[in-house]
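[1] I need the structure of the sequence given here:
(2 chains, ligands or ions: 3)
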Amino acid sequence: MEKFINITLKIWRQAGPKAKGRFETYQLEKVSTDSSFLEMLDILNEKLISEHIDPIAFDHDCREGICGMCSLYINGHPHGPDTEITTCQLHMRKFKDGDTIVVEPWRSAGFPVIKDLVVDRGAFDKIIQAGGYISVNTGGVPDGNAIPIPKEHADEAMDAATCIGCGACVAACKNGSAMLFVSAKVSHLALLPQGKVEAARRVKAMVAKMDELGFGNCTNTRACEAECPKNISISNIARLNRQFLSAKFKD
Amino acid sequence: MKQQEKPLEEIKIDPRIPEGPLAEKWTNYKAHQKLVNPSNKRRLDIIVVGTGLAGASAAASLGELGFNVLSFCIQDSPRRAHSIAAQGGINAAKNYQNDGDSVYRLFYDTIKGGDYRAREANVYRLAEVSGNIIDQCVAQGVPFAREYGGLLDNRSFGGAQVSRTFYAKGQTGQQLLLGAYSAMSRQIAKGTVKLFPRREMVDVVIIEGRARGIIVRNLVTGKIERYSAHAVVIASGGYGNAYFLSTNAMASNGSAAIQIYKKGAYFANPSFVQIHPTCIPVHGDYQSKLTLMSESLRNDGRIWVPKRKEDAEAIRAGKLKPTDLKEEDRDYYLERRYPAFGNLVPRDVASRAAKERCDAGYGVGNTGLAVYLDFSDAISRLGINVIKERYGNLFQMYEKIVDDNPYETPMMIYPAIHYTMGGIWVDYELQTSVKGLFCIGEANFSDHGANRLGASALMQGLADGYFVLPYTIQNYLSDQIQVPRFSTDLPEFEDTEKSVNDRVKRIMNIKGKRSVDSIHRELGLIMWEYVGMSRNKEGLQIALDKIKEVRKEFWTNVYVPGEEYDFNTELAKALRLADFIEIGELIARDALMREESCGGHFREEYQTPDGEAKRNDEEFSFVSCWKYNGEGEEPTLLKEPLIYEFVQRQQRNYKE
Ligand SMILES: Cc1cc2nc3c(=O)[nH]c(=O)nc-3n(C[C@H](O)[C@H](O)[C@H](O)COP(=O)(O)OP(=O)(O)OC[C@H]3O[C@@H](n4cnc5c(N)ncnc54)[C@H](O)[C@@H]3O)c2cc1C
Ligand code: SF4
Ligand code: FES
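    Ligands and ions are numbered 1, 2, ... in the order given. As a prediction, the model looks like this:
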């Protein structure tokens, strides 16, 4: 049932990449529990605009959990307290009247802040550019059914490919490691016959790029898996490690 | 430089369709078109605006060919373009199921589904290349659903009697886009494609009648930047957000389309907008967007409202639950009105029927603007596990948003704006009416006529980007190899940048009282009320008047906080809203002009006695092309006649 709650928000404000950030406190009254978390921020922004205060910058686009753009660290959790969802799918019914809600950007050496709650995740694109593809040109490829793929492999590849590149795994990790993200792409491609051809080269190139861009090491804390909105399994990290070792071994 | 205006009677719309029998046109075209040789490709620059399925596939393919590509998008990464959200699937005439599919059948279904308002030659080519798309995606590692034998699986979609839809769970768009994004990433690594994310095109630069560059606003710094090229490709997606609430992503917009329209590209069929019947209803004043529930749900769900108004009122007041209503007190209105097709009538018919019931006072939910989609029959017939397997992820998504369990109580749904068939006019080569300016994907007026079939937008976007544009653009570029790179210091760049700066300053200086969103919402309500699911002359005239008021309100009373040269989301939204107002007016104008009902365009004056759409092939068998005449001037209507050489036109019928 729809209810209305009063909340206090402590939100990270930072004018620019080099500016010093700080928490600002805002009160919001009569928020519908049926509204989404981002709609609640829209309401707050409307209020700030009417008071001629610079609205809070945050990333978002699809607002249905698939583009990976939204990226808020809410009450100590990337994408907030609910499970298996992104920030944009979080609803205010998860909060109680009188709650204080702390909202921060992703914090990681790999993702510098651009403004307020917006960070630069360009590093993820660079990791993909290092090898997250199969080297085929448009045209001249075999028929789609030329190579049968066992259903289990296709399904497993699909599960890994579900990663939305949001970066919550990095934000959740005390080491700021991007292993879950990288391993999801490595696994997706390595599980398919089309991707096996370049598997060794791919894993080395992607891991090297990840290290170069300042992401930390993986120490198996499993925090990434717990916070991933798409249930990407850390068994992918094990697969990456096996592949990486065997690729290095062949060198 | 100003071009000499031609008198209007002389402007003929030439789609430049190749000669010959339908099935041979594309082959003939490819055999005779001009190409650019490999060493010259490096010397030619191509700007691609947008990284959705259309833009990413084009950028990747052009880069592979050796052109120098500059790729722009609004989001922080190309992978986040709105295409990522497509759920259901992609069509292709593979006939893997041996159920009688063929290129001709896919062509025919698309023409008929579009209510005979699309160009035969384009649609045939689309069907022809559809199979190559699947091959390409499989080679890239797109994990399509497979059967136990290891071969590709298919499902069926509305408007077809064969199973030709390929899918990757409920995330087909995501997987196809990631495929195109990875191909593009490979080219970025090679240096053939340069990526410019968080950049928004704000104008096109025309030099001596040809598109030679764009002006861009850097969304991080707010700085205005200039880029030159030998050709410009617009792949900026659809303009459904003119209605404020839609299933489109928040940043989806029509600005690039309006910018090039103002520089001479015709805007075609703007009123052809698709409304999807099964979306989660509006819940409150602060709603920011609408969420689609896949069309596939109508296979097992039954749509109903209460038979009696008292019951509907009691439900709205929270005094009665839908499960309290007995079978005989429910009105399964689609089954009642369309016994032959029942709940599976096409999107436009299902949408209008829901609106009719709600307008008559039978709607449910706290707003009265919702109908039930009920799975209780299917659950008792097939068991809860079968339903879970088929729709589990959709049910979960619904529950997260609405906080109701659809296994126990019926879902509530309502129609919403979803897709725009209209868009920038292009010829057979996907070139607009401005030389060197191309338009692909949902942004062009495309191959779907007055109504798009499910799973055909992904097909069209990838067909354009992988298999059509990389050929046709060479026909244009082949005589450009002697043209040196353009300096962005040319006066045309100066002037265009200046007009952009003036516009930004003008908006910043209004300093009125209204937020951008509040004015956008107002526009959306007008559009939905008068230019939405069903339209009439009087309402459209009211809309045109009201949109004028909204325009005035915007330009005198909007308030944009912050600085011009900064990360300023409100300014970005304001610039888009100014263009949505222009689009809104074009949609209403086009709808008023088109005195017939066809596909997604329903004019109440033109219907059969039992309330179905009545087309008028005698008078309206044409593509409406609107030509811009300057600020405050009425645009001119030009017509591209639609000539059907290969298909016999029929009236659609879903009752028997
Ligand atoms: C919820 C939903 C589900 C759907 N499901 C299906 C389905 O199952 N099957 C199907 O066939 N179709 C489906 N569709 C339709 C289909 O997804 C779209 O029509 C298609 O993805 C559009 O692709 P596009 O490449 O043309 O544009 P988009 O994917 O919209 O991409 C537009 C790009 O242009 C960029 N851009 C826009 N303006 C500018 C500018 N001024 N400057 C710089 N960059 C700009 C954006 O950043 C983005 O990169 C669905 C649509 C929705 C809304
Ligand atoms: S692995 Fe999960 S948390 Fe990490 S980027 Fe992918 S979806 Fe986000
Ligand atoms: S806004 Fe797209 S995943 Fe949240």
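[2] quick check: residues of the stretch 351-500 of chain B near ligand 1?
    When proximity is defined by C-beta under 6 Å from any ligand atom, the stretch 351-500 of chain B lies next to ligand 1 at B:418-419, B:441-443, B:455-458, B:461. Every residue, glycine included, has its C-beta placed from N, CA and C.
[3] next one: the stretch 151-300 of chain B
    Counting by C-beta under 6 Å from any ligand atom, the residues of the stretch 151-300 of chain B lying close to ligand 1 are B:172-173, B:200-201, B:235-238, B:247-248, B:252-253, B:255-256, B:292.
[4] low pLDDT regions in the stretch 51-200 of chain B?
    Within the stretch 51-200 of chain B, the ranges that satisfy pLDDT under 70 run B:158-159.
[5] all the helices of it, residue numbers only.
    All helices of the stretch 51-200 of chain B, identified by DSSP state H, counting those that start in this stretch, fall at B:53-65, B:103-113, B:120-140, B:172-190.
[6] and if you look at the stretch 51-200 of chain A?
    With DSSP H, counting those that start in this stretch, the ranges of helices along the stretch 51-200 of chain A come out as A:122-129, A:151-161, A:168-172, A:179-190, A:193-196, A:199-212.
[7] that older thread, to B:Phe602, which of the helices of the stretch 51-200 of chain B lies closest?
    With distances scored as C-beta to C-beta, the stretch of the helices of the stretch 51-200 of chain B nearest to B:Phe602 is helix B:103-113 (15.7 Å).
[8] look up the closest residue to the one residue in the stretch 301-450 of chain B that gets nearest to ligand 1, ignoring the ones flanking it.
    When you check the stretch 301-450 of chain B against ligand 1 by C-beta to the nearest ligand atom, the closest residue turns out to be B:Gly441, at 2.4 Å. When the adjacent residues along the chain are set aside, B:Gly441 lies closest to B:Ala54, with 2.6 Å between them (C-beta to C-beta, 6 or more residues apart in numbering or on different chains).
[9] tally of neighbours for the one you found?
    Neighbourhood size, B:Ala54 [other C-beta atoms under 10 Å in any protein chain shown]: 35.
[10] circling back to that earlier point, and the helices of the stretch 51-200 of chain B, which is most packed in?
    The highest mean neighbour count among the helices of the stretch 51-200 of chain B, using mean count of other C-beta atoms under 10 Å in any protein chain shown, belongs to helix B:53-65: a mean of 31.
[11] what packs against that helix?
    Counting contacts by 3 or more C-beta pairs under 8 Å, 6 or more residues apart in numbering or on different chains; DSSP states H and E, helix B:53-65 is packed against strand B:45-49, strand B:68-72, helix B:172-190, strand B:193-196, helix B:457-462, helix B:469-477.
[12] check contacts around the residue in the stretch 51-200 of chain A that ligand 1 sits nearest to.
    When distances are taken as C-beta to the nearest ligand atom, the stretch 51-200 of chain A reaches nearest to ligand 1 at A:Glu64, 7.2 Å away. By C-beta atoms under 8 Å, 6 or more residues apart in numbering or on different chains, the contact list for A:Glu64 reads A:88-89, B:85, B:289, B:291, B:397.
[13] farthest-apart pair in those residues, please.
    The distance between the two most remote of those (C-beta to C-beta) is 13.8 Å, for B:Lys289 and B:Met397.
[14] distance check, the residue of the stretch 301-450 of chain B closest to ligand 1 against B:Gly50.
    Between B:Gly441 and B:Gly50 the computed distance is 7 Å (C-beta to C-beta, to the nearest Å).
[15] which neighbours do the two have in common?
    With contacts defined as C-beta under 8 Å, 6+ apart, the residues adjacent to both B:Gly441 and B:Gly50 are B:235-237.
[16] can I get the residues you listed in CSV with secondary structure, neighbour count and distance to B:Pro322?
    As requested, the shared contacts of B:Gly441 and B:Gly50 are exported to CSV (DSSP: H, G, I helix; E, B strand; the rest coil; neighbours: other C-beta atoms under 10 Å in any protein chain shown; distance: C-beta to C-beta, whole Å):
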residue, secondary structure, neighbour count, distance to B:Pro322
B:Ala235, coil, 33, 44
B:Ser236, coil, 34, 42
B:Gly237, coil, 30, 37
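[17] that older thread, tell me which of the residues of the stretch 351-500 of chain B next to ligand 1 is nearest to chain A?
    Compare each of these with chain A using C-beta to the nearest C-beta and the shortest gap goes to B:His418, at 13.1 Å.
[18] neighbours of residue 85, how many?
    Here I'm looking at chain A. Using other C-beta under 10 Å, A:Ile85 has 20 neighbouring residues.
[19] was after chain B, sorry
    Residues contacting B:Ala85 under the criterion other C-beta under 10 Å number 24.
[20] please apply the same query to B:Ser487.
    In terms of burial, B:Ser487 registers 10 neighbours under the definition other C-beta under 10 Å.
[21] and stretch B:161-179, anywhere near ligand 3?
    No: looking at stretch B:161-179 against ligand 3 by C-beta under 6 Å from any ligand atom, there are no contacts, and the closest approach is 10.6 Å.
[22] distance between the ends of that stretch?
    The separation between the terminal residues of stretch B:161-179, taken as C-alpha to C-alpha, to the nearest Å, is 29 Å.
[23] what about that stretch, distance to the chain center?
    Averaged C-alpha coordinates place stretch B:161-179 at 17 Å from its chain's average position (C-alpha atoms, centre = their mean, to the nearest Å).
[24] that one and ligand 2, are they touching?
    No: using C-beta under 6 Å from any ligand atom, stretch B:161-179 stays clear of ligand 2, with a minimum separation of 11.2 Å.
[25] just name the shakiest helix or strand of chain B by mean pLDDT.
    When the helices and strands of chain B are compared on mean pLDDT, DSSP states H and E, helix B:384-402 comes out lowest with a mean of 86.
[26] put the alpha carbons of that one into PDB.
    Output for helix B:384-402, consisting of C-alpha atoms alone and laid out as PDB, is shown next (Å, rounded to 0.1, in the frame of the first residue of the first chain):
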ATOM      1  CA  ILE B 384       2.500 -22.200 -11.700                       C
ATOM      2  CA  ASN B 385       5.900 -23.700 -12.700                       C
ATOM      3  CA  VAL B 386       5.300 -23.300 -16.400                       C
ATOM      4  CA  ILE B 387       4.300 -19.700 -15.900                       C
ATOM      5  CA  LYS B 388       7.400 -19.100 -13.800                       C
ATOM      6  CA  GLU B 389       9.600 -20.600 -16.500                       C
ATOM      7  CA  ARG B 390       8.000 -18.500 -19.300                       C
ATOM      8  CA  TYR B 391       7.700 -15.100 -17.500                       C
ATOM      9  CA  GLY B 392       9.600 -15.400 -14.300                       C
ATOM     10  CA  ASN B 393      11.900 -12.400 -14.900                       C
ATOM     11  CA  LEU B 394       9.000 -10.200 -16.000                       C
ATOM     12  CA  PHE B 395       7.000 -11.100 -13.000                       C
ATOM     13  CA  GLN B 396      10.000 -10.300 -10.700                       C
ATOM     14  CA  MET B 397      10.500  -6.900 -12.500                       C
ATOM     15  CA  TYR B 398       6.800  -6.100 -12.000                       C
ATOM     16  CA  GLU B 399       6.800  -7.100  -8.400                       C
ATOM     17  CA  LYS B 400       9.900  -4.800  -7.700                       C
ATOM     18  CA  ILE B 401       8.100  -1.800  -9.200                       C
ATOM     19  CA  VAL B 402       4.500  -2.300  -8.100                       C
END
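[27] with that, I have no additional questions.
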